[in-house]
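Trainee: What follows is a predicted protein model with its sequence.
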Amino acid sequence: MTTYRLAACAEMLYLDLPFVERVKRIHERGFLVEIWDWSNKDLEALAATGAEFSSMTGYLRGDLTTKAGREALLATARESLAAAEILDSPRLNLHGTGLGDGGIPVVPHEHTTGEDWVHAAETLRQVAELGQAAGRIFVLENLNLAVDHPGVPFARAADTLALVRGVNHPHLRLNLDLYHAQIGEGNLVSLVTEALPWVGEIQVADVPGRCEPGTGEIRYEAVASALRSLGYEGVIGMEAWASGDSDAALDAFAAAFGDGR
């Protein structure tokens, strides 16, 4: 018996359809919906679909470590909270720095200092306080440096977990992305076991290729079994490209995780 719910990313599925129609299709299939940048979308039209949104981008610009970056991140986090109110999205996603085209960091900064860690923790504490005031949760996502996001600071799951643990605020949690973690660190069952008390959401895709479960090397059925044994009651989001038909990709996702819709 599953205790979690399944979501799917509208940015990566049904790419032949207009965005609002993608959201409708995912909703009709019984999944929660995830989106990325909300600023280029008709939020009222998305809300009118009746879909239940799981997460969205929680900032538009900025970073965790510089004064100007912090100010930009906090300002656009406030804007994102207003957008989340329209969609009633409970979670807003963050990264170590702003990402540009193709996921490349706007200002690469892979090698962090102790001072960077202190500044990042303070920025995240302030973001968490914004989330608390609005009744929403910010989640910090781990990324990978080898394939998709070279130069991003605080990219590894070990880094994001250390920051979230250190801030220790109920409105800051992990977006634990197992696709990125497999590339960067592996040992996924042990990772989810250690990180689970701090997890706000889990995201999945297979490796290599970033497609639906069953197309690569990860035994997601084993991960799902571990999550059920651990009593995970949150959301698992498929942030993956369809290897072929999007409906078939969602079927494979549901099968791997026990159809938690």
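Mentor: Yes, it's here. Residues are numbered from 1 along each chain as shown.
Trainee: Can you check the pLDDT for residue 156?
Mentor: pLDDT for residue 156: 96.
Trainee: so what's it up against?
Mentor: For residue 156, the contact set (CB atoms under 8 Å, 6 or more residues apart in numbering) comprises 142, 145, 181, 184, 185. In this view, the C-beta of every residue, glycine as well, is placed from N, C-alpha and C.
Trainee: Would you point out the most distant pair within those?
Mentor: 145 and 181 (11.9 Å; CB to CB).
Trainee: In terms of neighbours, single out the busier of those two.
Mentor: Legend: neighbour count by other CB atoms under 10 Å for residue 145 and residue 181, higher for residue 181 (27 against 16).
Trainee: what about that one, helix or strand, and which?
Mentor: For residue 181, the element it lies in under DSSP states H and E is helix 178-184.
Trainee: so what does that helix touch, helix or strand wise?
Mentor: Contacts defined by 3 or more CB pairs under 8 Å, 6 or more residues apart in numbering; DSSP states H and E place helix 178-184 against helix 157-167, helix 188-195, strand 199-204.
Trainee: quick one: buried residues of the longest one?
Mentor: When you say that, I think you mean helix 157-167. 157, 158, 159, 160, 161, 162, 163, 164, 167 (16 or more other CB atoms under 10 Å).
Trainee: Neighbours of residue 13, how many?
Mentor: Residue 13 has 27 neighbours, counted by other CB under 10 Å.
Trainee: Neighbours of the closest residue to it other than its chain neighbours, how many?
Mentor: In space, residue 13 comes closest to residue 246 once its chain neighbours are excluded; the distance is 4.3 Å by CB to CB, 6 or more residues apart in numbering. Neighbourhood size, residue 246 [other CB under 10 Å]: 22.
Trainee: which residues touch residue 246?
Mentor: Residue 246 touches 13, 14, 15, 25, counting by CB under 8 Å, 6+ apart.
Trainee: Are any of these buried, and if so which?
Mentor: Buried among the contacts of residue 246 by 16+ other CB under 10 Å: 13, 14, 25.
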